[in-house]
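Q: let's see this in three dimensions:
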Amino acid sequence: MKALLMGLPNVGKSTIFRRLVTQHVSVDSYPGTAVEVARGVLSSAGRDIEIVDSPGVHDLVFSGDHETVARSLLVDERPDLVIQVADAKNLQRSLVLTSLLAECGIPLVLVINMIDEAAQKGIEIRGARLEALLGTRVVETVASEGVGIGALIAALGHARTPGCASKLPRPVTDALSGLIGLMPATAGPAWGPRTLALLSVVDDRATARWAADRSAIGDVAAALALVDDARRALPQPLDLIISRANDNRAEAWYGATVRFRRVTSIPMLDRLGDLALTPVAGVMMLFGLLAALYFTVGRFAAGTLVDLLEDDLFRDTLGPYVAQAAASIPYPWVRDLISGDYGLYAMAVVPLFGLVLPVIVVFYLAFGLVEDSGYIPRLSILLDRLFRRVGLNGKAVLPIVLGFSCVTTATMATRVLDSKRERFIAIFLLSLGVPCSAKLSLILVMLAQVSLAAFLVVFGVVFGMTVLAGLVLNRLMPAQRSPFIMQVPPMRIPSAKNVVTRTSYRAWMFLKEASPLFVISAVGLFVMEKIGLLAVVERVAAPIVLGGWGLPPQFAESLIMGFIRGEAGIAVMKKMVDAHTMDHLQLVVAIIVTILFVPCVTNFMIIIKEQGSKRAAATIVLVTACATVTGGVVNHLFRWLNVTF
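A: Predicted coordinates for the structure are as follows:
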């Protein structure tokens, strides 16, 4: 038995998925897209039910990546039923999707989630009445607390096809019946042909062509004639007629089942949530949050915790044992590969588990608290206008914020964006101007030895270049403004259980994807050092480093190390500062170049995975060019103006 989870974005689908699934969880990108699909197995009453978590969508007609994946899962996976998750506070919008699924004739269980938050707002839902109107099972849940999950599991064995009559006009229903009659017989579900027929009459060409090809009637003259006849018989486009029919039926269901009671007081958390959406208070709360994240992640995780693990545990305690074990190996190159300066232990094990992982875990914990509080959707709305200017929208807040923990993880997080264009712009801006927390903490330590003016210049130049790059990409890659629909949940006290569960899951997924890349990077660096390629690159880069940026030739080693491991490059630069190899002006230029330079080879490999080799190469070339030109301009401009720090 297979069940497909569907619903609008931010209705708690993923939470319900984690509550239902008991084993065999996997998360993979859907073929041909960057959209992730989670799968797992629910074992209940002696049977296994495969649960597939589809991406959040508002409908199945639009040809965006999420909608394409959702309808592909619906048609190609042939689920036995659909579990639609709805937000109790915004039920009418979810009922529009319910109406479309009912029109398709799909066995359905409707889950009304976050019923407790709806009650706080004075919203009362008559679940039994809605169940009678739909003709299928309706379950109320509070997924974050596990309330109603048992009733949902029990309902899966009693899912029914909605019994409500179609609300489509006669020309449309006649066209659908005719199209179904033209489709060849298949072994798929009974509702499959009607779903394909419904999607093949819409005016969105990509969606209609997709459905027609799936049903093998794309080039059938009789099918084209049926659709043309329906279009001529009605004064409006067919997909608009279908949409309005679903809207009207959802409105009728909503009016018959939802009641409101007067709320006499507004809880403090709701007041904070309202303030977070205002320009002044919202910006103040944002800066307060950034400061808290900096001290938590940048100071504690990247400082205290990393020192404890990287230096005390892996290098001082475990390092000698690894070196002793490697010394017993009779082959010198194997010893070096394991425990040498460019070996697997020093370049893969220590940075992954002693440096990156602790920072990632602490950031995920901190971010999980913020995420579970309901603040992120408010931040997205607050910053939407700013992000629009650089070709993005408020959804890009998530990966940009995540980039200050790990740009590699943030690059994977750009999958939440709707279009390939937006994902490319976000990935480019992350690669250009967002330093990870480990790198940022070392940068702040060095800038603290200079002056506040140096700090303002460095981050002013980096911010300016990032915004400028976004404006240019937005102009060079014009596109229709993407929709930005964000449901705003109420502010709540985060659940410790949810935060810990989500953090452990994300940390495991990070290790799963990053571990092979760290090993590949370490082996590559080992080979480069053995064949003398590192020294060659340093000599080749010397004219740019010395002539363009006015920096010592040894700075090339910092960039090389930084490409392999970002914080290692900063550490090399810090040694140069401690040895007084660079003055303060050179340090400012060096930090600007380092931040704008390509983050690391791991990130580059993730960009290849997300964007393909051509766009990844273009990103590397353009980011390197921006860093090179900016470093040269800043160096010569400051020297011409006799600027000192």
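Q: show me where the stretch 51-200 of the chain has its strands.
A: With strands called from DSSP state E, counting those that start in this stretch, the stretch 51-200 of the chain shows them at 81-87, 108-113, 123-125, 137-140.
Q: mean pLDDT, distance to S339 and mean neighbour count added to those, as TSV?
A: Every C-beta, even on glycine, is put in place using the N, C-alpha and C of the backbone. Shown next, in TSV, are these (pLDDT from 0 to 100; distance: least, C-beta to C-beta, whole Å; neighbours: other C-beta atoms under 10 Å):
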stretch	mean pLDDT	distance to S339	mean neighbour count
strand 81-87	92	51	25
strand 108-113	93	52	25
strand 123-125	90	63	17
strand 137-140	92	57	22
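Q: can you lay out these as a markdown table showing distance to Q324?
A: As requested, the strands of the stretch 51-200 of the chain are arranged in a markdown table below (distance: least, C-beta to C-beta, whole Å):
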| stretch | distance to Q324 |
| --- | --- |
| strand 81-87 | 55 |
| strand 108-113 | 56 |
| strand 123-125 | 66 |
| strand 137-140 | 60 |
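Q: and of the ones you listed, who's closest to R170?
A: Closest to R170 of the strands of the stretch 51-200 of the chain is strand 108-113 (C-beta to C-beta; 25.1 Å).
Q: quick one, that closest one and strand 81-87 angle?
A: 20 degrees (axes from the mean of the first three to the mean of the last three C-alpha atoms, to 10 degrees).
Q: could you name the helices and strands sitting against strand 108-113?
A: helix 13-20, strand 81-87, helix 91-104, helix 127-134, strand 137-140, helix 149-155 (3 or more C-beta pairs under 8 Å, 6 or more residues apart in numbering; DSSP states H and E).
Q: tell me the most buried of these?
A: With neighbours defined as mean count of other C-beta atoms under 10 Å, those peak in mean count at strand 81-87, which reaches a mean of 25.
Q: who touches it?
A: 3-8, 10-13, 16, 51, 74, 93-95, 97-98, 101, 106-114, 152, 156, 159, 487, 489 (C-beta atoms under 8 Å, 6 or more residues apart in numbering).
Q: adjacent strands (with direction) for that strand?
A: strand 2-7 (parallel), strand 108-113 (parallel) (DSSP bridges).
Q: and the first one, what's buried?
A: Going back to what we said before, that points to strand 2-7. Using 16 or more other C-beta atoms under 10 Å as the test for burial, strand 2-7 gives 3-7.
Q: tell me the mean pLDDT for that strand?
A: For strand 2-7, mean pLDDT is 90.
Q: which residues are contacting that strand?
A: Contacts to strand 2-7, defined as C-beta under 8 Å, 6+ apart, come from residues 13, 16-17, 42, 49-54, 56-57, 70, 73-74, 77-86, 94, 97, 101, 156.
Q: tell me how far it lies from the chain's centre.
A: Remark: strand 2-7 is offset 20 Å from the chain centroid, using C-alpha atoms, centre = their mean, to the nearest Å.
Q: one step back: kindly reformat the helices and strands packed on strand 108-113 as TSV containing distance to D341.
A: Below are these laid out as TSV (distance: least, C-beta to C-beta, whole Å):
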stretch	distance to D341
helix 13-20	43
strand 81-87	52
helix 91-104	57
helix 127-134	65
strand 137-140	59
helix 149-155	53
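Q: could you chop this structure up by domain?
A: 2-158, 170-256, 279-438+463-482+490-513, 528-640 (automatic domain parsing).
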